[in-house]
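>>> what shape does this take:
(one chain, ligands or ions: 1)
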Amino acid sequence: MHADDKDGLPPGKRLVVRASQSLNAEPALEDLVADWITPVEGFYVRNHGPTPTVDVESFRLSIEGMVEKPLQLSVAELVERFPAVKASATLTCAGNRRSEFQEPKIPGVAWGAGAIGNAGWSGTSLAALLRQAGLRDGAKHVWFEGADEIVDKIEKYPFGGSIPLEKALAGDDRMPGALLATKMNDKPLTAEHGFPLRVVVPGYIGARSVKWLKKIVVSDQPSPNHYLAQAYKLIAEDTPAAVAAAAPIYEYVLNSAIAIPAPGSAVSAGRLKVEGFALPHGAPGHTLKTIELSSDGGQSWTGAKIISPVKDFCWVLWSAEISVTPKTERLIVRATDSAGETQPRDMPWNAKGYQYNAWHQVPLTVK
Ligand code: MTE
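Here you go, the predicted model:
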């Protein structure tokens, strides 16, 4: 592991550590909304095992399964032989905001609202690679496998998962359905973000964007990997039958959060500047329509202004001015998207604590 300080944070990272055995860390929300493109130092890290060290010279990406021509490619071959693609896309963990679920307490990393970030990803499109390998009839899913090793109570396995082939082939070179990225914000990926190669699936929960990618398998079935077949599912109770019956989560949900002021701030009565982010549902064609704030428990709402670029599969940053009085106990934000979806006031509990997207509320003291 590349960690060199006691928190397990790699050099330069400015994050709050939520778990350090496998690094899980998120930025303070006020830092998060400083830039539409999240700097690498402030980008959350979500690892299920130790960060592997990959030797780029001997590294080969393997493409196998239902393809005409299995391929083995070095990173240099991937970069030279396939068209360069660059796109900004937001990654967010399905467990983002888990700490807001009410009792009973859910096991897992107690994320605040910072397990999200927006970066410029460069590499090539997965579709270009699949076309070169040649898809065989009946192919339906694309599996990914990372070079990390997760040690369970009884076994060891790599992190992995899959996406439907339709998603892998979707989009175009401006916004591919999935990218094979070698760079994040124009610099080679850092170790904790997947060096030398990772998948980025715009619109999908972060778990589908497999880091340290070493193997792609084309199949007629979804991946049997634990992180697709069992984890990352919305279930009311954590039993084998409930897990088996539930579908894997792919798209992330519509969401928003207030970053400034911080919870518990003491502010003066009058006009208050509020800032935050909002993310449209990760389905094609969903854009944010309104972002609204309330200082009276949701009885009346004030519109926020988008102050960042607006791009497919990317978050927006927003700012609003709202009146607060000594009676104001909290600020609330909710977003609505172009398909008419609105964030719910409450969110039903689920056993793994995923996809929390109820109104984000920040308690305040107003003097
Ligand atoms: N890929 C591998 N190989 N191992 C992992 O633990 N975590 C996933 C995904 N890809 C993970 C992985 C999860 S759950 C998320 S949310 C994103 O990586 C986080 O990406 P980041 O750490 O670059 O922010």
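>>> just the buried positions in stretch 132-140, please.
By 16 or more other Cβ atoms under 10 Å, the buried positions in stretch 132-140 come out as Ala133, Leu135, Ala139. Quick note: C-beta positions are derived from backbone N, CA and C, even for glycine.
>>> so the last one is in which element?
Following DSSP states H and E, one finds Ala139 outside all helices and strands.
>>> contacting residues around stretch 78-85?
Counting contacts by Cβ atoms under 8 Å, 6 or more residues apart in numbering, the residues outside stretch 78-85 that touch it are 61, 73, 122-125, 128-129, 132, 173, 176, 179-180, 182, 197.
>>> report the lowest-confidence entry in those.
Comparing pLDDT over the contacts of stretch 78-85, Asp173 scores lowest. The value there is 87.
>>> name the nearest residue to it, ignoring sequence neighbours.
Closest residue to Asp173 apart from its sequence neighbours, by Cβ to Cβ, 6 or more residues apart in numbering: Val85 at 5.2 Å.
>>> number of nearby residues for that neighbour?
For Val85, the neighbour count with other Cβ atoms under 10 Å is 22.
>>> who does it form a beta bridge with?
With DSSP bridges applied, Val85 shows beta-bridge pairing to Gly123.
>>> now do it against the ligand, distance only.
When Cβ to the nearest ligand atom, to the nearest Å is the yardstick, Val85 and the ligand sit 18 Å from each other.
>>> next one: Tyr250
Shown here: Tyr250 relative to the ligand, a distance of 13 Å by Cβ to the nearest ligand atom.
>>> what about the nearest residue to that residue once chain neighbours are set aside, neighbour count?
Leaving out its chain neighbours, the residue that sits closest to Tyr250 by Cβ to Cβ, 6+ apart is Tyr204, at 5.2 Å. Look at Tyr204: counted by other Cβ under 10 Å, it has 25 neighbours.
>>> relative to Gly160, how far out is Tyr204?
For Tyr204, the distance to Gly160 equals 14 Å [Cβ to Cβ, to the nearest Å].
>>> could I get the full set of helices for the stretch 101-250 of the chain?
In the stretch 101-250 of the chain, the segments counted as helices under DSSP state H, counting those that start in this stretch are 126-133, 165-168, 226-229, 240-245.
>>> out of these, which is closest to the ligand?
When these are ranked by distance to the ligand, counting by Cβ to the nearest ligand atom, first place goes to helix 226-229 at 7.5 Å.
>>> elements contacting the closest one?
Helices and strands touching helix 226-229, by 3 or more Cβ pairs under 8 Å, 6 or more residues apart in numbering; DSSP states H and E, are strand 160-164.
>>> picking that back up, intersect the buried residues of stretch 132-140 with the contacts of the ligand.
Restricting those to those adjacent to the ligand (criterion: Cβ under 6 Å from any ligand atom) removes every one of them.
>>> as a markdown table, those residues with pLDDT would be great.
Compiled in a markdown table, the buried residues of stretch 132-140 are given as follows (pLDDT from 0 to 100):
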| residue | pLDDT |
| --- | --- |
| Ala133 | 98 |
| Leu135 | 98 |
| Ala139 | 98 |
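>>> which residue comes closest to Ile150 once chain neighbours are left out?
Nearest non-adjacent residue to Ile150 (Cβ to Cβ, 6+ apart): Gly49, at 4.3 Å.
>>> name the nearest residue to the spatially most central residue of the chain, ignoring sequence neighbours.
What sits nearest the mean C-alpha location of the chain, by Cα atoms, centre = their mean, is Thr92, with 1.9 Å. By the measure of Cβ to Cβ, 6+ apart, the closest residue to Thr92 outside its immediate chain neighbours is Ile116, 4.0 Å from it.
>>> roughly how far apart are that neighbour and Ala266?
27 Å.
>>> between these two, who's got more neighbours?
Summary of the neighbour comparison: Ile116 and Ala266, criterion other Cβ under 10 Å, with Ile116 having more neighbours (26 against 9).
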